[in-house]
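Chemist: Here is my input, please return the structure:
(one chain, ligands or ions: 1)
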Amino acid sequence: MKVVTSATDLPSGCAFVPTMGALHAGHASLFKIAKNQSENVVASIFINPLQFENEEDLVKYPKTPDADIEIAQNSGVTHLWFPRREEIYPEGFNSVKAGPISKLYEGASRAGHFDGVVTVVRRLFDLVKPKLAVFGEKDFQQLKLVEEIAADVSIVRAPTIRESDGLAMSSRNIRLSTEGRAAAPSIYQALSTATSETELREILSAQPLLTVDYADFIDEETFLPAQPDTQKVRALVAGWINGVRLIDNMQMVKRA
Ligand code: PAF
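Modeler: Modelled structure (predicted):
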């Protein structure tokens, strides 16, 4: 594996996985999916300042470069790119506006977040020129908005990777206290058992450590509330445990 700091050292037409580092088994699964599609797998590690609403979150974002190099190396990455800020955001770079879905759910409580995400993803795509890029369904709203701006890059959807108790893997999980960590799988349990939005909310409200931000059944194409005839229903959940924001989602197949 080559570790590079400039996009000029990357092979074009590769499979690409953008990340912000603090890599875990969820990222490793994205790299492996990329490896199945292409000889050359490029991963980037860039903590994108544009997608953070406040400076404190940005500063607090975990940084584990040595462990990241090892995980990338062991999961099929051929080129690990640590871009410099000036390469991603040269003077006069074009910012991109995310589509209307960006105002809902995660976007409603994180103003400007998705504009920051699609701006960096577009910049990364323009610099890497991949044939495909892999994104996890864990951040389902992000995945949808990236699909809208991808045009020349095919987006491969990757399933959410979970801990053995169901908690969706996330770099934020390490910030949970022992009690909070024990409570966190309740989100997965609610998603896997609820047959309606009401039931989902009921199950979630039984967990005293969890403050729910939203728990909704949506049409996954439009992000509008699911209707009785909606073909693809997805449940979205976000909440806080110990002040740590957790999100998860699941496609709802008819449950009798
Ligand atoms: O999902 C992430 O880690 C980030 O939002 C991404 C896609 C790497 C853009 O900074």
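Chemist: near the ligand, which residues of the stretch 1-150 of the chain?
Modeler: Applying CB under 6 Å from any ligand atom, one finds that the stretch 1-150 of the chain approaches the ligand through 18-20, 48, 51, 117, 120-121, 139, 142. For glycine as for every other residue, the C-beta is placed from the backbone atoms N, C-alpha and C.
Chemist: hmm, 8 Å instead?
Modeler: For the stretch 1-150 of the chain, the contact set with the ligand under CB under 8 Å from any ligand atom comprises 18-20, 44, 46-48, 51, 116-117, 120-121, 124, 135-136, 139, 142, 146.
Chemist: which other helices and strands contact the helix or strand containing Asn36?
Modeler: Using DSSP states H and E, Asn36 sits within helix 25-37. When contacts are defined as 3 or more CB pairs under 8 Å, 6 or more residues apart in numbering; DSSP states H and E, helix 25-37 sits against strand 15-19, strand 41-45, helix 65-74, strand 132-136, strand 154-158.
Chemist: Now do it against strand 15-19, angle only.
Modeler: On the basis of axes from the mean of the first three to the mean of the last three CA atoms, to 10 degrees, helix 25-37 is oriented at 170 degrees to strand 15-19.
Chemist: what does the average pLDDT come to for helix 25-37?
Modeler: Per-residue pLDDT values over helix 25-37 give a mean of 98.
Chemist: One more: stretch 203-223?
Modeler: On average, stretch 203-223 scores 98.
Chemist: Kindly report the same for stretch 61-80.
Modeler: For stretch 61-80, mean pLDDT rounds to 97.
Chemist: Could you give me the buried positions within that stretch?
Modeler: With burial defined by 16 or more other CB atoms under 10 Å, the residues of stretch 61-80 counted as buried are 61, 64, 68-69, 71-72, 75-80.
Chemist: Just the closest of those residues to Leu204, please.
Modeler: Comparing the buried residues of stretch 61-80 against Leu204 with CB to CB picks out Tyr61 as the nearest, at 26.8 Å.
Chemist: Would you quantify the distance from the closest one to Gln51?
Modeler: According to CB to CB, to the nearest Å, Tyr61 stands 10 Å off from Gln51.
Chemist: What of Gly13?
Modeler: Computed with CB to CB, the distance linking Gly13 and Gln51 is 27 Å.
Chemist: which residues of the chain fall in helices?
Modeler: In the chain, the helices defined using DSSP state H lie at 25-37, 55-60, 65-74, 85-88, 106-109, 113-128, 140-150, 178-183, 186-193, 197-205.
Chemist: would CSV of these with distance to Arg157 be doable?
Modeler: Formatted as CSV, the helices of the chain follow (distance: least, CB to CB, whole Å):
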stretch, distance to Arg157
helix 25-37, 9
helix 55-60, 26
helix 65-74, 21
helix 85-88, 24
helix 106-109, 17
helix 113-128, 15
helix 140-150, 6
helix 178-183, 28
helix 186-193, 17
helix 197-205, 23
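Chemist: least trustworthy helix or strand in the chain by mean pLDDT?
Modeler: Across the helices and strands of the chain, mean confidence by mean pLDDT, DSSP states H and E is lowest for helix 55-60: a mean of 90.
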